[in-house]
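>>> have a look at this prediction, sequence included:
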Amino acid sequence: ELAPFVDPNLDPQYYIDRYNKEITYKEWFDKTYPDITIYDAVGVEEPVIEEPEFGECGEGTDLVDGMCVIIDNPDEGGGCLIATATYGSEMAPQVQLLREIRDNQLMNTESGISFMTGFNQFYYSFSPHIADMERESPLFKEIVKIGITPLLSSLSIMSHAESNSEVVGYGIGVILMNIGMYVAAPMIVILKARKYIKI
């Protein structure tokens, strides 16, 4: 049976949306009808939110629909999961460097914000899993530490960028530098080695 205030000609979702979005409406309903829910009042079955029964995610992530996703913390502005797991703390100097570059340089320019939006979608698709693997394996953690040290050194250049054009310029330079370190240099070494080593 519908509550007296409900118009049967209106979509029940109208009342549910008002209850969820309007604080004064919610307060009025809860005070007037303390023994029923808004779903009971409009004659709709309340949806059941199922909690995941298994799965475990690392620090800074939560299990959503069977996947580890980053917890959005507006006070801290998010964080670098891999660097945090590598150096053991969000207060580590390396993690602080990444946070400062993001907040002081990238998030203060339009191009930086656009870059971070795309980067975050890519980065958080795999970083929770890498961070979990680091926590489970000290050896893997050390390998990651060795691997990201050159990257962190090159990113320190971004701390000098102040304007939108400088962010773009320094950013392209850092990307090219890392392509050289992580792709070009190993390929050159492999090609040189193949001349002397016949397999």
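Right, received. Where do you want to start? Numbering: from 1, shown residues only.

>>> Asp40 versus the closest residue to Ile113 other than its chain neighbours, what's the distance?
Nearest non-adjacent residue to Ile113, counting by C-beta to C-beta, 6 or more residues apart in numbering: Met107, 6.1 Å away. C-beta coordinates here come from the backbone N, C-alpha and C atoms, glycine included. As for Met107, its distance to Asp40 is 45 Å (criterion: C-beta to C-beta, to the nearest Å).

>>> now do Ser163
Ser163 sits 57 Å away from Asp40, going by C-beta to C-beta.

>>> for Thr84, same thing?
45 Å.

>>> more neighbours, these two?
Thr84 (22 against 15; other C-beta atoms under 10 Å).

>>> strands of the chain, start to end?
For the chain, the strands defined by DSSP state E occupy 61-64, 67-70.

>>> comparing these, which gets the lowest mean pLDDT score?
Confidence, taken as mean pLDDT, is least for strand 67-70 of the strands of the chain (a mean of 52).

>>> I'd say Ala161 and Tyr170 touch.
Yes - the criterion here is C-beta atoms under 8 Å, and Ala161 meets it with Tyr170 at 4.4 Å.

>>> these two: which has the busier surroundings?
Ala161 (23 against 18).

>>> who's in contact with the more buried one?
With contacts taken as C-beta atoms under 8 Å, 6 or more residues apart in numbering, Ala161 has the following neighbours: 105, 167, 169-171.
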